[in-house]
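Q: Fold the following for me, if possible:
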Amino acid sequence: MSSRFSGYLLKRLGMAILTIFIVIALTFFIMHAIPASPFSSEKARSNATIAALEAKYGFDKPVIVQFYNYVVNLLQFDFGLSTAWVGKTVQELISDSFAYSAKIGLTAAVLALILGVIFGALAALTRGKWPDKVIQVVTTALVSMPSFVVATLLLLIFALRLKMFPTMGSQPGGLVLPIISLSMYPMAYTTRLERSAMLDVLGQDYIRTARAKGLIRTKVIFKHALKNALGPVVTYAGPMMAYILTGSMVVENIFAVPGLGRLFVNAMLRTDYMMIMGVTIFLAVLIVTMNLLSDIAYKILDPRIDLR
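A: Numbers count the residues shown, from 1 in each chain. Now for the predicted structure:
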């Protein structure tokens with residue numbers, strides 16, 4: 001590993017840590033700017049009971065002291081106690097819910113990348129012909145449709161009308177439609193990226209030289225063209241995960257999947273500050289990490305990239 005690459009890694013890691021800290025600070029102070037107490041919605045509780053609960057959770061201390069204590073606890077992987085789910089820690093609830101979200105998100109991401117690369121390469125290799133035109137029409141339609149619209153249509157057609165899949169994600173086979181819903185937009189966008197990159201690579205001099213030397217078409221495509229056209233797709237992997245994770249907030253509620261999205265919405269409805277902050281910070285760390293890994297993978301895939 002060169003010293004320049006090591007310096008690049010340290011710089012990107014420092015930026016990632018700074019981004020996460022800013023997210024933590026913004027989330028914390030925005031939540032504490034809300035005038036309502038997380039316990040004020042319980043009408044049966046007296047003022048003395050609410051004051052005792054605020055003291056238990058540390059909400060009675062000055063905001064800056066609360067922020068310091070919260071950051072110190074986060075460094076020890078302690079997200080605190082949930083105010084809505086009594087007796088449960090935030091990290092325990094996140095861990096239970098993330099199992100569903102990870103299964104949906106990772107499957108949707110892999111499906112989107114594989115199909116996107118295949119369809120993008122096919123469109124580039126058949127440029128101007130009917131497969132290319134069909135793929136472009138379909139991908140344009142899918143790119144213009146948000147995940148919750150796709151999810152609603154799939155639910156109405158395949159679950160309620162045709163009854164091919166269950167309506168709830170917690171039932172056997174219930175994760176199929178949420179996965180398809182979340183993978184459609186990334187797959188379409190990846191297809192467009194791969195098509196554009198593939199067309200650019202196929203027009204390069206080294207591809208024409210390889211063909212002139214008599215290399216078989218499949219070897220030229222898979223060994224030279226396809227590999228060098230993956231750069232934009234790898235770069236998109238980080239933002240794609242961000243889209244899938246944020247899109248799951250709505251999709252999981254449509255299909256009643258007990259994942260992070262549904263947990264976050266329930267926390268909002270029950271004004272659980274600790275849970276809202278915990279899920280937001282957890283997702284931010286996940287997204288920043290994925291962006292960091294995609295940047296590193298892009299550099300490894302194409303050493304010509306200028307490190308700045």
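Q: pretty sure L9 is touching K299, no?
A: No - counting by CB atoms under 8 Å, L9 does not reach K299; the two are 9.2 Å apart. All C-beta atoms are positioned from the backbone trio N, CA, C, and that covers glycine.
Q: more crowded one of the two?
A: K299 (19 against 16; other CB atoms under 10 Å).
Q: isn't there a strand covering that one?
A: No - counting by DSSP: H, G, I helix; E, B strand; the rest coil, one finds K299 to be helix, located in no strand.
Q: mind checking how far it is from V201?
A: Per CB to CB, to the nearest Å, K299 is found 18 Å from V201.
Q: Check N266 too.
A: 47 Å.
Q: okay, the two: which has more neighbours?
A: V201 (20 against 17).
Q: quick one: the helices in the protein?
A: 3-33, 47-57, 63-75, 90-125, 130-143, 147-154, 176-202, 205-212, 217-219, 226-228, 231-254, 260-269, 273-301 (DSSP state H).
Q: looking only at pLDDT, what's the mean for the fourth one?
A: This points to helix 90-125. What helix 90-125 shows for mean pLDDT is 91.
Q: Kindly report the same for the second one.
A: Mean pLDDT, helix 47-57: 75.
Q: Could you tell me how many residues sit around F158?
A: F158: 16 neighbours (other CB under 10 Å).
Q: So, low pLDDT: which residues of the chain?
A: Residue ranges of the chain with pLDDT under 70: 1-2, 36-37, 39-46, 301-308.
Q: Would you agree G173 is in contact with P166?
A: Yes - with contact defined as CB under 8 Å, G173 counts as touching P166 (6.0 Å).
Q: most neighbours per residue, which of the helices of the chain?
A: Most buried of the helices of the chain by mean neighbour count (mean count of other CB atoms under 10 Å) is helix 176-202; its value is a mean of 23.
Q: And that helix, what does it pack against?
A: Packing partners of helix 176-202 (3 or more CB pairs under 8 Å, 6 or more residues apart in numbering; DSSP states H and E): helix 90-125, helix 130-143, helix 147-154, helix 231-254.
Q: Reformat the ones you listed as CSV; add distance to L81.
A: Output for the helices and strands packed on helix 176-202, formatted as CSV (distance: least, CB to CB, whole Å):
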stretch, distance to L81
helix 90-125, 7
helix 130-143, 42
helix 147-154, 32
helix 231-254, 23
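Q: and E194, which of these is closest to it?
A: helix 90-125 (2.5 Å; CB to CB).
Q: which helices and strands does the closest one pack with?
A: Against helix 90-125 (3+ CB pairs under 8 Å, 6+ apart) you get helix 130-143, helix 176-202, helix 231-254, helix 260-269, helix 273-301.
Q: what angle sits between it and helix 260-269?
A: Here helix 90-125 runs at an angle of 130 degrees relative to helix 260-269 (axes from the mean of the first three to the mean of the last three CA atoms, to 10 degrees).
Q: Grab the nearest non-local neighbour of Q66.
A: Once flanking residues are discounted, Q66 sits nearest to G58: 5.9 Å by CB to CB, 6 or more residues apart in numbering.
Q: hang on, I meant L182
A: A108 (4.0 Å).
Q: looking at the helices and strands packed on helix 176-202, which is closest to S183?
A: helix 90-125 (4.0 Å).
Q: where's that closest one relative to the chain centroid, distance-wise?
A: 8 Å (CA atoms, centre = their mean, to the nearest Å).
Q: Please apply the same query to stretch 150-159.
A: For stretch 150-159, the distance to the chain centre is 22 Å (CA atoms, centre = their mean).
Q: What distance separates the opening and closing residues of it?
A: 13 Å (CA to CA, to the nearest Å).
Q: Would you mind putting the CA coordinates of stretch 6-18 into CSV?
A: Provided in CSV are the C-alpha atoms of stretch 6-18 (Å, rounded to 0.1, in the frame of the first residue of the first chain):
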residue,chain,number,x,y,z
SER,A,6,-2.6,5.5,3.0
GLY,A,7,-2.9,9.3,3.2
TYR,A,8,-6.1,9.2,1.1
LEU,A,9,-7.6,6.5,3.4
LEU,A,10,-6.8,8.6,6.5
LYS,A,11,-8.3,11.7,4.9
ARG,A,12,-11.5,9.9,3.9
LEU,A,13,-11.7,8.3,7.3
GLY,A,14,-11.3,11.7,9.0
MET,A,15,-14.1,13.1,6.8
ALA,A,16,-16.3,10.2,7.6
ILE,A,17,-15.8,10.6,11.4
LEU,A,18,-16.5,14.4,11.1
